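In: Predicted coordinates and the sequence they were generated for:
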Amino acid sequence: MTDIDIKKGLAGVTVDYTAVSKVNPDTNSLLYRGYPVQELAATQPFEAVAYLLWHGELPTAQQLAELRATERRYRALTDEVKQAIDLLPLGAHPMDEVRTAASVIGAADLAGIDNVMDAVGTPEENLQRSIRLFAALPAVVAYGQRRRRGQELVVARDDLNYAENFLWMTFGEDVDEVVVDAFNTSMILYAEHSFNASTFTARVIASTLSDLYSAVVGAIGALKGPLHGGANEAVLHIFDEIGDAWNVNSWLDEALAAKRKIMGFGHRVYKRGDSRVPTMKAALDRLVDHYDRPDVRALYSALENEFVSRKGIYPNLDYPSGPAYNLMGFDTLTFTPLFVAARITGWTAHIMEQQASNALIRPLSAYNGPDERHIEGYVPDAANA
Ligand code: CMC
């Protein structure tokens, strides 16, 4: 075999430029279009951050009002999407539900386009498609949780902003400002993270000149995996297993002896801590106080302290967001779909960036299978040697 330098997992490989966000592990910072994500989370509604990711600038008051008006127009769960969700078994994973819904939304929107070359769309059409998904996915996620709980659909309310309405459609009641703020913060922190696995998946699909919806459906599939978005869900499973802060040491002894990955820790890019964690941890702390749940803080800190001191591997965003979503009242299975609802903004910004200066993404592989052989030697009845 020739000596080829394989970059397994594309680790450390820079594949393209992006102006959407900058991850800097050395300074532990994450910028969306130049703005530190912590500043955005502290000051902006999620709709303004979506606008920033798509357009490159924060909106004027009028631009924000226009985006909000469009978002309200697409909020409702359409009959076809509801029917598609209702056809799925109740035991279907909510990520499968969201993936199906995104596909149905796309098929409905692109109906009538029968030349595959036209489906890629213009920049203006793709912006509208992005807003449509951004607006429609919260109803999908909220209805999914309600359906599993045997509850009726709660229809969207025009008098509420994105975060308030999302929580309203999920729980069917007004929630405290502390909860809205924490939720808004989580959406902003999850919105974008450069060439992560799901975004790269979306860009690969977009690079074939397939349509934006197909790229998003692929991205949702990539996000489902526990090494990526599925980790926030997995954190809660770990918390449930440990049960109490006192059990952390013995649980960790066993988990590490079994060579288990501790979900919510570690990151391909950040090796000295995830820049998003302090902001989400602060939101979690406010929720812990609001719901009077010091036990959650104790377990969180005990596992973090013990794991960091043993392995020097730090928490990623999924570590504080998992328990935060749990305190807000979301089912564990709903956590990764919430990540989808947030990351739809980053994905679509990247898809449009890919479309604007496209090159088909098609890497090479080094072959390490059998040497060339010929069909004459093939005997169907003989056992495989
Ligand atoms: N628990 C235990 N050991 C770990 C962990 C962990 N969470 N993360 C890394 N390690 C160890 C790993 O076993 C390996 O050890 P060794 O060199 O002895 O074999 C070493 O650290 C390097 O790990 P790696 O998996 O080769 O590093 P990577 O850069 O490929 O992994 C990661 C990054 C996120 C896949 C990994 O840290 C992981 O599996 N974490 C748990 C899942 C998780 O929380 N994922 C969410 C990522 S952040 C949100 C997102 O972007 O979606």
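Out: Everything's here; your move.

In: can you count the residues close to E66?
Out: Counted with other CB atoms under 10 Å, the neighbours of E66 add up to 13. C-beta coordinates here come from the backbone N, C-alpha and C atoms, glycine included.

In: Quickly find the element holding it.
Out: helix 61-73 (DSSP states H and E).

In: Tell me the residues of this structure that contact the ligand?
Out: Proximity of the chain to the ligand, by CB under 6 Å from any ligand atom, involves residues 193, 196, 227-229, 231, 261-268, 313, 316-318.

In: buried subset of these?
Out: Buried by 16 or more other CB atoms under 10 Å: 193, 196, 228-229, 231, 262-267, 316-318, out of those.

In: Quickly name whichever of these is closest to the ligand.
Out: G266 (2.2 Å; CB to the nearest ligand atom).

In: can I assume that closest one is in contact with V308?
Out: No - contact between G266 and V308 fails when scored by CB atoms under 8 Å: they sit 10.9 Å apart.

In: Between those two, which contacts overlap?
Out: Taking CB atoms under 8 Å, 6 or more residues apart in numbering as the criterion, G266 and V308 both touch Y314.

In: ok so, going back, out of the buried ones among the residues of the chain next to the ligand, flag the one nearest to V217.
Out: G229 (14.5 Å; CB to CB).

In: Pretty sure that closest one sits against A341.
Out: No - applying CB under 8 Å, one finds G229 not in contact with A341, separated by 11.2 Å.

In: Using the record's assignment, carve the protein into domains.
Out: Listed by automatic domain parsing, the domain ranges of the chain are 18-224+333-356, 231-328.

In: Need the ones you listed in TSV (columns: mean pLDDT).
Out: Output for those, formatted as TSV (pLDDT from 0 to 100):
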stretch	mean pLDDT
domain 18-224+333-356	96
domain 231-328	95
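
In: Next, format the ones you listed as a markdown table and append distance to P380.
Out: Putting the domains of the chain into a markdown table (distance: least, CB to CB, whole Å) gives the following:
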| stretch | distance to P380 |
| --- | --- |
| domain 18-224+333-356 | 36 |
| domain 231-328 | 42 |
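
In: Quick one: closest of the ones you listed to G377.
Out: Of all those, domain 18-224+333-356 sits nearest to G377, with 37.3 Å by CB to CB.

In: tell me the contacts of the residue of the stretch 1-150 of the chain found nearest the ligand?
Out: Closest approach of the stretch 1-150 of the chain to the ligand (CB to the nearest ligand atom) occurs at G9, with a separation of 6.0 Å. Contact analysis of G9 by CB under 8 Å, 6+ apart lists R268.

In: Quick one: end-to-end distance for stretch 235-251.
Out: Start and end residues of stretch 235-251 are separated by 14 Å (CA to CA, to the nearest Å).

In: give me the element T345 is part of.
Out: Per DSSP H and E: helix 335-356 holds T345.

In: For that helix, C-alpha coordinates in PDB please.
Out: Extracted C-alpha coordinates of helix 335-356, given in PDB (Å, rounded to 0.1, in the frame of the first residue of the first chain):
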ATOM      1  CA  PHE A 335     -33.800  17.600  23.300                       C
ATOM      2  CA  THR A 336     -32.200  16.800  20.000                       C
ATOM      3  CA  PRO A 337     -35.200  18.100  18.000                       C
ATOM      4  CA  LEU A 338     -34.700  21.400  19.900                       C
ATOM      5  CA  PHE A 339     -31.200  21.500  18.600                       C
ATOM      6  CA  VAL A 340     -32.600  21.000  15.100                       C
ATOM      7  CA  ALA A 341     -35.000  24.000  15.600                       C
ATOM      8  CA  ALA A 342     -32.000  26.100  16.500                       C
ATOM      9  CA  ARG A 343     -29.400  24.800  14.100                       C
ATOM     10  CA  ILE A 344     -31.800  25.200  11.100                       C
ATOM     11  CA  THR A 345     -30.500  28.800  11.000                       C
ATOM     12  CA  GLY A 346     -26.900  27.800  10.800                       C
ATOM     13  CA  TRP A 347     -27.500  25.000   8.300                       C
ATOM     14  CA  THR A 348     -29.500  27.200   6.000                       C
ATOM     15  CA  ALA A 349     -26.900  30.000   6.200                       C
ATOM     16  CA  HIS A 350     -24.200  27.500   5.200                       C
ATOM     17  CA  ILE A 351     -26.300  26.000   2.400                       C
ATOM     18  CA  MET A 352     -26.800  29.400   0.900                       C
ATOM     19  CA  GLU A 353     -23.100  30.200   1.300                       C
ATOM     20  CA  GLN A 354     -22.200  26.900  -0.400                       C
ATOM     21  CA  GLN A 355     -24.600  27.700  -3.300                       C
ATOM     22  CA  ALA A 356     -23.100  31.200  -3.700                       C
END
